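Peer 1: got a predicted structure here, sequence first:
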Amino acid sequence: MEKIAEQIRSEASRLLEKGEVELVVGFRKGSIPMVSRPWLARTPQEAKELHWDGFCNLNLANYLTKRKEKVAVVAKGCDSRSLVLHMQEHQITRDQVVILGVPCQGMLDRRKLQEAVGLDREILEVEEADGLVHLRGRDLQESLPRQEALQQCCSICEHRNPVLKDLVLAEELKEQKAERFRDILEMERKSAQERWEAFRQVLSTCIRCYACRNACPHCYCPECFVDCSRPQWVGKSQDPQDVFTFHLFRAFHMAGRCTDCGSCERACPMGIPVRLLTRKLEKEIKERWGYEAGVSLEGVPPLATYQPDDPQDFIL
Ligand code: SF4
Ligand code: SF4
Ligand code: SF4
């Protein structure tokens with residue numbers, strides 16, 4: 001990890017010193033354990049703060065939307081896919097961005113780590129080495145396999161290597177073939193009534209804070225439908241119908257655009273598995289059009305195009 005961090009700092013300093021970019025978007029170590037935060041370096045001095053570890057989980061494409069200057073960005077597989085989407089949707093141009101690609105070993109889930117040691121014990125230090133995560137604190141010294149501590153989106157990720165990059169800052173990884181939709185298939189096997197109940201249950205604790213929306217690198221409409229009052233697409237209340245409408249609209253807005261980076265789920269203070277909805281749509285798009293969001297600059301997302309001979313057999 002430290003070797004990758006050194007590579008990031010060195011490339012960032014070089015690009016800023018030579019004036020090839022005005023800004024480098026990466027990570028800085030957080031002020032508390034198990035958190036890294038975004039860091040926007042504009043000088044070689046600021047680039048010395050750049051950092052890399054298993055908690056650099058934010059999707060940095062979120063910090064590039066509508067930027068005008070030339071920017072370098074540190075990109076994992078999922079960030080790079082979101083950058084592709086940004087380019088396809090004209091949020092930024094390819095020649096504006098220098099992509100510092102980092103093949104990603106998967107990011108750690110701090111909720112899982114905390115649960116592993118018990119909620120009453122404070123983790124003060126985390127070290128990653130030889131496939132293990134070492135956790136230390138007062139009266140605490142435990143290790144667990146890194147693979148078991150991954151975020152769920154990372155354990156089923158099939159694009160860990162950046163799909164678009166200008167530089168690669170670590171050895172490329174062998175991509176895994178994962179069972180991405182096991183839970184979705186289980187849900188599909190349920191009756192309509194059971195699915196409805198499961199859906200009600202999953203969303204029953206939603207407080208409509210919109211952290212899931214705000215964390216998503218692809219939620220950049222100038223005015224979100226939930227904030228719009230003329231027309232009012234969805235009620236502002238905590239009523240389950242309004243909560244469901246928000247989630248269904250948002251999920252459909254992500255159809256063919258979600259890169260399954262997990263930012264929405266990580267941001268949710270209530271621990272709601274919101275990716276159940278977006279991955280269902282990911283599965284549909286894959287089965288119908290063989291399309292995966294953001295894996296290539298070529299082609300147009302299926303729901304962003306129209307053919308006069310479209311079968312339209314879904315229209316009643
Ligand atoms: S989703 Fe994939 S690329 Fe993104 S952090 Fe997880 S393993 Fe890395
Ligand atoms: S909907 Fe969630 S998983 Fe999908 S791109 Fe947005 S933040 Fe990432
Ligand atoms: S972040 Fe969680 S609680 Fe907040 S609106 Fe999204 S699903 Fe609901």
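Peer 2: Now that the structure is in, tell me what you want to look at. Ligands and ions are numbered 1, 2, ... in the order given.
Peer 1: touching stretch 266-276 from outside, list them.
Peer 2: By CB atoms under 8 Å, 6 or more residues apart in numbering, the surrounding residues in contact with stretch 266-276 are 57, 111, 151-153, 183-184, 187, 202-203, 205-207, 209, 211-212, 214-215, 247, 260, 262, 264-265. From N, CA and C alone the C-beta is placed, and that goes for glycine too.
Peer 1: from those residues, which are also near ligand 3?
Peer 2: C206, I207, C209, A211, C212 (CB under 6 Å from any ligand atom).
Peer 1: and the residue most central in space within the chain, what is it in contact with?
Peer 2: For the chain, the residue sitting closest to the mean C-alpha position, by CA atoms, centre = their mean, is C261 at 2.3 Å. Contact criterion CB under 8 Å, 6+ apart gives N59, C78, D79, R81, S82, C153, P217 as the residues in contact with C261.
Peer 1: helix, strand or coil for it?
Peer 2: coil (DSSP: H, G, I helix; E, B strand; the rest coil).
Peer 1: any idea how far P308 is from it?
Peer 2: Note on C261: its distance to P308, by CB to CB, to the nearest Å, is 35 Å.
Peer 1: just put the ones next to ligand 3 among the contacts of stretch 266-276 in TSV and tack on pLDDT.
Peer 2: Listed next are those as TSV, based on pLDDT from 0 to 100:
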residue	pLDDT
C206	95
I207	94
C209	94
A211	95
C212	95
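Peer 1: which of these ranks first by neighbour count?
Peer 2: Neighbour counts for these peak at C212, which has 25 neighbours (criterion: other CB atoms under 10 Å).
Peer 1: return the residues in contact with that residue.
Peer 2: C212 neighbours (CB under 8 Å, 6+ apart): R250, C264, E265, A267, C268, I272, V274.
Peer 1: what's the burial count for the last one?
Peer 2: Put plainly, it is V274. 23.
Peer 1: for R136, list each beta-bridge partner.
Peer 2: Each beta-bridge partner of R136 is listed here: E125, Q141, as defined by DSSP bridges.
Peer 1: my guess is it meets R121, correct?
Peer 2: No - look at R136 against R121 with CB atoms under 8 Å: they stay out of range, at 10.5 Å.
Peer 1: for C221, helix, strand, or coil?
Peer 2: Relying on three-state DSSP, one would call C221 coil.
Peer 1: export the contacts of C261 to CSV and tack on distance to K283?
Peer 2: Below are the contacts of C261 laid out as CSV (distance: CB to CB, whole Å):
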residue, distance to K283
N59, 21
C78, 17
D79, 22
R81, 17
S82, 19
C153, 15
P217, 21
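Peer 1: and these as JSON lines, adding neighbour count and distance to ligand 1?
Peer 2: Shown next, in JSON lines, are the contacts of C261 (neighbours: other CB atoms under 10 Å; distance: CB to the nearest ligand atom, whole Å):
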{"residue": "N59", "neighbour count": "24", "distance to ligand 1": "8"}
{"residue": "C78", "neighbour count": "28", "distance to ligand 1": "3"}
{"residue": "D79", "neighbour count": "31", "distance to ligand 1": "7"}
{"residue": "R81", "neighbour count": "27", "distance to ligand 1": "8"}
{"residue": "S82", "neighbour count": "29", "distance to ligand 1": "10"}
{"residue": "C153", "neighbour count": "23", "distance to ligand 1": "5"}
{"residue": "P217", "neighbour count": "28", "distance to ligand 1": "11"}
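Peer 1: got CSV for these, with pLDDT too?
Peer 2: Written out in CSV, the entries for these read as follows (pLDDT from 0 to 100):
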residue, pLDDT
N59, 95
C78, 97
D79, 97
R81, 97
S82, 97
C153, 96
P217, 94
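Peer 1: could you pick out which of those residues are near ligand 2?
Peer 2: The subset of the contacts of C261 within reach of ligand 2, by CB under 6 Å from any ligand atom, is P217.
Peer 1: which residues touch stretch 291-302?
Peer 2: Residues beyond stretch 291-302 that count as contacts (CB under 8 Å, 6+ apart) turn out to be 80-85, 87-88, 94, 159, 163-164, 256-259, 282, 285-286, 288-289.
Peer 1: so which bits of this protein are right by ligand 1?
Peer 2: That would be 57, 76-78, 104, 106-107, 153-154, 157, 160, 261-262, which are the residues of the chain within reach of ligand 1 (CB under 6 Å from any ligand atom).
Peer 1: if we use 5 Å, what do you get?
Peer 2: Of all the residues in the chain, those in contact range of ligand 1 (CB under 5 Å from any ligand atom) are K76, G77, C78, C104, G106, M107, C153, C154, C157, R160.
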